[in-house]
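A.B. asks: Pasting the sequence and the predicted model now:
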Amino acid sequence: MKPFYIAIAAALTGAATLALAAPPPEPKSGIDLEAFDKTCKPCDDFWRHVNGTWLDKNPIPARLASWGSMFVMREANSERLRTILESAAASSAPAGSNDRKIGDFYTSCMDTAAIDAAGLKPIQPELNRIAAIRARADVARAIAALHTAGLQVRGFGGIGPFGVGATQDFKNSSETIAMLGGGGLSLPDRDYYFKTDDKSKSIRDAFLKHVAKMLTLEGTEPAAAASAAETILKLETSLAEATMTNVERRDPSKRYKKMTWEQAAALAPAMDWPALLKQLGVPASQPVNVMEPAFLTRVQSMLEASPIEDWKVWLRWRLLRSAASNLAKPFEDEDFEFEKVLTGVTEQLPRWQRCTAATDAALGDALGEAYVRKHFPPEAKRRMLELVENLRATLKEEIENSPWMAPETRKNAAAKLSSFEAKIGYADRWRDYSKVSISRKGYLANIRSAAANGRAYFLGKIGKPLDRNDWGMTPPTVNAYYNPPKNEIAFPAGILQPPMFDLAADDAANYGAIGAVIGHEMGHGFDDQGSKFDAAGNLKNWWTPQDREQFEKRAQCVVDQFNSIDVGDGLRHNGKLVVGEALGDLGGLTLALKAYQRSLKGKPAPVMEGYTPAQRFFIAFARVWSTQVRPAAMRLRLNTDPHPLGKYRANATLKNMPEFHQAFQCKRGDAMVRETQCQLW
Ligand SMILES: [Zn+2]
């Protein structure tokens, strides 16, 4: 799931101090009555009912594309990271220590005077490399060389038309192999190159202006820059044609083409493979998953046919694009100009906030260790494990009693569930950054060092058995995930704070918020993608044909539901793109409610602030999804994000749940009651 917040540490300290002097305080309800809009009835629009006043009083800040509970949590976390980093920067931590490194990295990022003074110098070697291209073979060599340019804090992919990484072998999940995926697109998705509606055309026009402006800043004459922008769009459109759609990409079997490097090289012989593999330190003897062979074939024909000058200008643009947000102000500003077009934001995030995020991306475990020390009490981890195990036991019962699964399928589903690994808070072992060299000056050099270390770390796993210690997110991240080949669910420390998770709150609210998130991540193990992986994380069918058909029918119900929702301006979700997340929400909430009821062990739970336990459960759930989005960002999300918009994550899910209808006495014919109710289990 993508995104999803108050103060665990403060609440704990409060409770501990009180406990000495007085009996423990009564748990609070965990629901926020001031957020409600009672003029909107719960059975008309529950999302609005629960969040209306909050939404009206909290317009989206100019620097953000969306705003809601998860974003409030994120902002609070940035502030915490800022405090940690400013004190690390001011401390006398010894040279080479992690505290010194995060402090110095942050300082170098904040030093805009040095960054501005450096101008284009930090990327001059790469610009020279591109300028030196004379012959066709030079293009392939430059693509190989630029793979390790390492100009982005996040990720370590190159700036060329494809990326090389490490992945678990989908069909032998205990092995790590190389992975080669398509890339090279500067617009958010392949469809942006082809859509003919006015909005899409205007985005392409803005893109042309943006590319031309960037090239002008770098020193190209305006007329030449404008025609270069056209060339760049044409080249990328050709790459986009050979790129899978985001719906196609959801089918893991379509992304699995294991082969030898010899076979991969045969798809694009014009590429300088030995140079590339050597540059990356990837062993040629190990297999590779070429995710999109057709894409590689396209790169080959373009390497043969597209003019050398086209490649040169495209590489220059890609270099500028990848470095721009970390370069001098004119580049950074122009980079932001295009973000405005895509998201509708009008102000840049303050520098400190971009620098906390950059430090998290570059040295995530070092910053994460400091964050966890300060903001993640062991009690939170213990309580989370309890919740996870309670949901697991509930799901086991659901599976065992499933009326539509054959005994064999039930057995396989139960085996998958019992082997889920639950990661809570942070990794058991922190990553080693001893080889990362960080100075207080030279921001881009710091990024390069961190990127080189990340690349060596991940690519170094190729050919080795799976390391289960690794996380896909850093500890302060406000998010959670399920990883099918590892069959694991993970909840970084960052998400374990109110209103998502509150040690001081009553259980009904915690189950409705974080409980539903746990259920959601477990549900991904059984969604359109996850259900294709077995207990060991291998891409292998474990369903009987009849059961699979039943499952597909249930999934289709959710696809149809989302296709039918008009989100405004005549826009709709793409049901097939959001089905996995929507199934996770529906299955997750159903499961969390049952787990909550199970946790009561037959004892009645109290009415609090006038609401029954079941009502508080649903209120907490809808509160998490209080997100509002700018119109431009909404379009971007509908086109690219597998997560439905917050309003529909709440309402569309609840419309399917008889337990919700009962809790708020909604009747047939009410907007919150769907005629055909979808059900997963
Ligand atoms: Zn999800």
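C.D. replies: Nice, thanks for sending it over.
A.B. asks: Okay, Ala324 and Ala456: tell me how far apart.
C.D. replies: 25 Å (Cβ to Cβ, to the nearest Å). Backbone N, C-alpha and C define where each C-beta goes, glycine included.
A.B. asks: Between these two, point out the one with more neighbours.
C.D. replies: Set Ala324 next to Ala456 and count neighbours by other Cβ atoms under 10 Å: Ala324 wins out with 22 against 13.
A.B. asks: how close does the closest residue to that one other than its chain neighbours sit to Trp314?
C.D. replies: The shortest distance from Ala324 to any non-neighbouring residue, by Cβ to Cβ, 6 or more residues apart in numbering, is to Asp335 (3.8 Å). Distance from Asp335 to Trp314, counting by Cβ to Cβ: 17 Å.
A.B. asks: returning to that earlier point: which ones are touching the residue nearest to Ala324?
C.D. replies: By Cβ atoms under 8 Å, 6 or more residues apart in numbering, Asp335 lies in contact with 214, 321, 324-325.
A.B. asks: Tell me the one of those residues nearest the ion?
C.D. replies: Among the contacts of Asp335, Ser325 lies closest to the ion (Cβ to the ion), at 27.1 Å.
A.B. asks: Give me the neighbour count for that closest one.
C.D. replies: So Ser325, with other Cβ under 10 Å, has 19 neighbours.
A.B. asks: And for the one 5 residues further on?
C.D. replies: Applying other Cβ under 10 Å, we find 16 other residues in the vicinity of Pro330.
A.B. asks: what about the residue nearest to it when sequence neighbours are not counted, which helix or strand?
C.D. replies: Leaving aside its chain neighbours, Pro330 sits nearest to Leu217 (5.3 Å; criterion: Cβ to Cβ, 6+ apart). In this assignment (DSSP states H and E), Leu217 forms part of helix 198-218.
A.B. asks: what about that helix, distance to the chain center?
C.D. replies: 26 Å (Cα atoms, centre = their mean, to the nearest Å).
A.B. asks: I'd like the mean pLDDT over that helix, please.
C.D. replies: Here helix 198-218 scores 97 as its mean pLDDT.
A.B. asks: cool, and stretch 63-73?
C.D. replies: Averaging pLDDT along stretch 63-73 yields 96.
A.B. asks: end-to-end on it?
C.D. replies: 16 Å (Cα to Cα, to the nearest Å).
A.B. asks: do it and the ion meet at all?
C.D. replies: No. Residues of stretch 63-73 are not located near the ion by Cβ under 5 Å from the ion, the shortest gap being 12.6 Å.
A.B. asks: For that stretch, report the contacting residues that lie outside it.
C.D. replies: Around stretch 63-73, the neighbours that count as contacts under Cβ under 8 Å, 6+ apart are 3-6, 51, 58-61, 343-350, 478, 494-495, 497, 499-500, 623-630, 632-633, 636, 646.
A.B. asks: Need the buried ones from those residues selected in PyMOL.
C.D. replies: Buried members of the contacts of stretch 63-73, defined by 16 or more other Cβ atoms under 10 Å, are picked up in PyMOL with:
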select buried, resi 3+4+5+6+51+58+60+343+344+345+348+349+478+494+495+497+499+500+623+624+625+626+627+628+629+630+632+633+636+646
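A.B. asks: Just the ones of the contacts of stretch 63-73 in helices?
C.D. replies: 51, 343, 623-624, 632-633, 636, 646 (DSSP state H).
A.B. asks: Which residue is it, in the stretch 201-350 of the chain, that comes closest to the ion?
C.D. replies: For the stretch 201-350 of the chain, Cβ to the ion, closest residue to the ion: Arg250, 12.5 Å.
A.B. asks: measure that residue to Ser531 for me?
C.D. replies: Arg250 is 12 Å from Ser531, by Cβ to Cβ.
A.B. asks: neighbour count winner among those two?
C.D. replies: Neighbour totals were compared for Arg250 and Ser531, and Ser531 leads with 22 against 18 (other Cβ under 10 Å).
A.B. asks: quick one: low-confidence parts of the stretch 201-350 of the chain?
C.D. replies: The stretch 201-350 of the chain contains no residues with pLDDT under 70.
A.B. asks: same check, this time on the chain
C.D. replies: Scanning the chain for pLDDT under 70 picks out the ranges 1-25, 153-158.
A.B. asks: all strands for it, in order.
C.D. replies: Using DSSP state E, the strands of the chain run over 66-67, 162-169, 172-182, 258-259, 288-290, 421-425, 481-483, 488-492, 628-629.
A.B. asks: right, and the ones you listed - which one's nearest Asn246?
C.D. replies: Among the strands of the chain, the nearest to Asn246 by Cβ to Cβ is strand 172-182 (12.2 Å).
A.B. asks: Which parts of the stretch 1-150 of the chain are helices?
C.D. replies: 8-21, 46-57, 69-90, 98-110, 112-118, 124-131, 136-146 (DSSP state H, counting those that start in this stretch).
A.B. asks: Next, the angle from the second one to helix 69-90.
C.D. replies: Here helix 46-57 points in a direction 50 degrees away from that of helix 69-90 (axes from the mean of the first three to the mean of the last three Cα atoms, to 10 degrees).
A.B. asks: per-domain residue ranges of the chain.
C.D. replies: When the chain is parsed with automatic domain parsing, its domains come out as 8-18+33-58+376-427+471-663, 120-326.
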